[in-house]
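*Asks:* fold the following.
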Amino acid sequence: MITYSNKIKEIAKRLLKECRAEMVIGFRKGSIPMMNEPCFVRTDEQADDLVWDSHCGINLANYLTSRDEKIAIVAKGCDSRNIVNHIVENKINREQLYIIGVPCQGMVDKRKILAQTEGEVLQITETENGQITVKSANGEKTFSKSDVIQQNCSVCIQPNPVLYDEMVADPVQGQTDIDQFADVRALEAMSTEEKRAYFDELLAPCIRCYACRNACPLCYCPTCFVDESKPQWLGKSQDIMDIKTFHFLRAYHCAGRCTDCGACERACPVGINMRILTKKLNKDCLDLYDWQAGMSIDKRPALDVYQTNDPEKFIK
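*Replies:* Prediction:
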């Protein structure tokens with residue numbers, strides 16, 4: 001990962017010097033371990049702060065919406081697919097962008113590490129062979145990265161950017177022997193009552209903070225439906241029906257657009273796996289329309305077009 005960081009710094013400085021970008025969007029170290037933060041680089045000195053490691057899970061495409069300057073952006077696989085979404089949905093122009101592609105080796109889930117670590121985490125280091133060493137107030141502990149990886153990364157089959165101008169390293173091998181929708185199939189096999197109980201339990205911890213919405217690169221509406229007052233689509237209470245309505249409607253707004261980047265789940269302060277909702281819609285789009293979001297800037301999303309052979313099983 002150190003080589004990635006050095007290459008990103010080198011590219012950023014070159015692009016700024018050549019005036020090919022007015023700003024570079026990337027990551028710098030956060031104020032606490034495992035929390036790298038987005039940064040907006042405009043000078044050589046700021047470019048020296050750029051880093052890349054297994055704690056760069058935030059989707060940087062979230063910072064592109066409706067900008068008008070020339071931008072370079074660091075993008076892993078899911079980031080690049082969301083950049084494609086932004087281009088297709090006319091939220092940014094391709095000509096404005098210089099995409100610095102990063103072959104992704106997966107992001108660490110800080111909750112998994114914190115659950116197995118005693119005391120405050122003071123420092124975390126990562127080796128090239130996939131070992132994560134955590135130094136806490138109570139000593140050191142080493143993890144295999146594969147054991148503490150984000151759940152969406154564990155089923156990712158497209159770790160390399162689909163759209164880029166320059167890569168920082170050679171592409172990595174994507175996974176080919178996994179069922180990325182195994183959890184959705186298990187849910188589909190449940191009875192109606194079992195599904196109701198599942199979603200009641202899943203969404204019960206929700207505190208309506210909207211962190212999932214704010215972290216999602218697809219949620220860029222000037223006024224969200226939850227904030228509308230004329231008409232008011234749902235109440236502001238902690239009533240379970242209001243909570244369900246928020247999550248289900250937000251998921252439907254992402255239908256045919258979600259790249260399963262995990263930004264929503266990562267941002268949730270109570271750890272709700274709301275990805276199961278959008279994954280179900282991703283599976284339906286793949287099964288019904290042979291469609292995966294963010295794979296090409298030359299194709300309209302599945303729900304944007306009509307074809308005479310579209311499946312109509314949902315019409316009663």
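*Asks:* show me where the protein has its helices.
*Replies:* 2-17, 44-47, 77-88, 110-115, 151-154, 182-188, 192-203, 211-215, 240-253, 263-267, 275-289 (DSSP state H).
*Asks:* closest to the centroid, which residue in this structure?
*Replies:* Cys261 (2.6 Å; C-alpha atoms, centre = their mean).
*Asks:* and the helices of the chain: which comes nearest Asn160?
*Replies:* helix 77-88 (5.4 Å; C-beta to C-beta). Any C-beta I mention is one placed from the backbone N, CA and C, and that applies to glycine too.
*Asks:* any idea how far the closest residue to Asn152 other than its chain neighbours is from Tyr306?
*Replies:* Using C-beta to C-beta, 6 or more residues apart in numbering and skipping residues adjacent in sequence, the residue nearest Asn152 is Gly262, 3.6 Å away. When C-beta to C-beta, to the nearest Å is applied, the distance between Gly262 and Tyr306 equals 31 Å.
*Asks:* which residues does Val51 contact?
*Replies:* 5, 8, 26-29, 36 (C-beta atoms under 8 Å, 6 or more residues apart in numbering).
*Asks:* let's see it at 10 Å
*Replies:* 1-2, 4-6, 8-9, 26-30, 36, 39 (C-beta atoms under 10 Å, 6 or more residues apart in numbering).
*Asks:* look up the closest residue to Cys78, ignoring the ones flanking it.
*Replies:* Closest to Cys78 by C-beta to C-beta, 6+ apart is Cys261, at 3.7 Å.
*Asks:* touching, that neighbour and Cys56? I think so.
*Replies:* No: using C-beta atoms under 10 Å, Cys261 is not in contact with Cys56; the gap is 11.8 Å.
*Asks:* list the residues that contact both of those two?
*Replies:* Common contact partners of Cys261 and Cys56 (C-beta under 10 Å, 6+ apart): 76, 79, 107.
*Asks:* you'd agree Lys9 is up against Asp44?
*Replies:* Yes: using C-beta under 10 Å, Lys9 is in contact with Asp44, at 9.2 Å.
*Asks:* these two: which is more packed in?
*Replies:* Set Lys9 next to Asp44 and count neighbours by other C-beta atoms under 10 Å: Lys9 wins out with 20 against 12.
*Asks:* look up how far Gln96 lies from the residue nearest to the centre of the chain.
*Replies:* 21 Å.
*Asks:* go on, Arg250?
*Replies:* 28 Å.
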